[in-house]
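Undergrad: this one's sequence-less:
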């Protein structure tokens with residue numbers, strides 16, 4: 001079944017991770033398109049307030065609500081689901097965009113480190129989507145955008161927690177999309193490459209990771225995270241309008257995603273080489 005194309009004029013949209021990066025850019029893009037209601041979610045109150053004010057100034061007809069929420073806290077997450085269910089009888093677009101990263105190999109991190117990543121990157125989108133599906137997201141033509149990653153397609157060393165969360169989100173999204181298609185609800189899985197967001201600079205490091213390794217990784221990220229988030233946001237929302245099930249964002253991601261099919265037996269060696277290069281900065 002092919003879902004009909006749609007736009008987001010007059011839509012009610014929920015965007016997590018809306019205080020910066022792709023979430024902020026998608027919120028602005030949706031306001032420009034003519035969304036009626038934007039519900040912006042993030043943990044950083046000050047930046048979220050600035051984004052909301054900027055959108056209200058540019059698009060005074062758009063109603064902007066903000067929720068300061070730690071998506072890694074289950075009680076806060078459940079309260080958000082309840083608030084959204086009470087406040088909105090329909091939600092046309094849910095953008096599960098919030099995400100965090102962690103520097104360090106699996107043996108260097110604690111289980112608490114690992115769970116911090118998977119709670120925000122994987123559990124939060126699952127809980128939020130599940131909580132909204134009984135009613136608001138059942139509106140005909142509703143759509144869900146789940147931001148996975150290039151590391152939801154390939155798995156380099158030093159990214160075990162992040163890859164677990166992003167591969168998991170990819171699998172959840174693909175299965176969910178197949179289930180909801182007959183109801184007219186679409187799901188787009190997003191695999192961004194090097195987008196210039198705060199994901200690297202706000203990442204945590206496992207306690208036993210050397211400071212030099214963190215600095216090298218940040219320097220490598222500064223070189224490789226190049227695409228402006230505004231451009232990425234336009235690509236992602238265009239894919240959602242066309243009801244695409246998957247979108248890979250960036251030439252770097254499109255090139256790298258081919259490797260597992262072209263040289264499957266060499267992937268581990270190539271990823272190890274890439275990992276060593278990132279540690280050299």
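TA: That came through, no problem. Fair warning: this is a prediction, and the values are worked out from it, not measured in the lab.

Undergrad: Next SSE downstream of the helix or strand encompassing residue 161?
TA: Using DSSP states H and E, residue 161 sits within helix 160-180. Next helix or strand after helix 160-180 toward the C-terminus (DSSP H and E): strand 186-192.

Undergrad: quick one: that next one to helix 160-180, angle?
TA: Relative orientation of strand 186-192 versus helix 160-180 (axes from the mean of the first three to the mean of the last three CA atoms, to 10 degrees): 160 degrees.

Undergrad: helices and strands around strand 186-192, which ones?
TA: Here strand 186-192 touches strand 143-147, helix 160-180, helix 229-241, strand 246-249, going by 3 or more CB pairs under 8 Å, 6 or more residues apart in numbering; DSSP states H and E. In short, each C-beta sits where N, CA and C put it, glycine included.

Undergrad: Poorly predicted segments of the stretch 151-281 of the chain, please.
TA: 198, 200-203, 207-225, 259-281 (pLDDT under 70).

Undergrad: Please repeat the previous calculation with a cut-off of 90.
TA: Along the stretch 151-281 of the chain, segments meeting pLDDT under 90 span 154-158, 193-227, 250-281.

Undergrad: What count of nearby residues applies to residue 87?
TA: Neighbour count of residue 87, defined by other CB atoms under 10 Å: 14.

Undergrad: Now it: closest residue in space that isn't a chain neighbour?
TA: Distances taken as CB to CB, 6 or more residues apart in numbering put residue 65 closest to residue 87, at 7.4 Å, once the chain neighbours are dropped.

Undergrad: Could you tell me the backbone phi and psi angles at that neighbour?
TA: With angles defined as degrees, to the nearest 10, residue 65 sits at phi -110, psi 140.

Undergrad: Any idea how many residues pack against it?
TA: Residue 65: 16 surrounding residues under other CB under 10 Å.

Undergrad: Surely it is in contact with residue 41?
TA: No. Using CB atoms under 8 Å, residue 65 makes no contact with residue 41, being 9.4 Å away.

Undergrad: could you give the angle of the helix or strand encompassing residue 115 to helix 160-180?
TA: Per DSSP H and E, residue 115 falls inside helix 111-118. For helix 111-118 against helix 160-180, the angle by the same axes, to 10 degrees is 40 degrees.

Undergrad: For residue 134, find the nearest of the helices and strands packed on strand 186-192.
TA: Residue 134 lies closest, by CB to CB, to one member of those: helix 160-180, at 12.7 Å.

Undergrad: Buried ones in the closest one, by neighbour count?
TA: Neighbour-count burial for helix 160-180, counted by 16 or more other CB atoms under 10 Å, picks out 160-170, 172-173, 176-177, 180.

Undergrad: Right, I'll leave it there.
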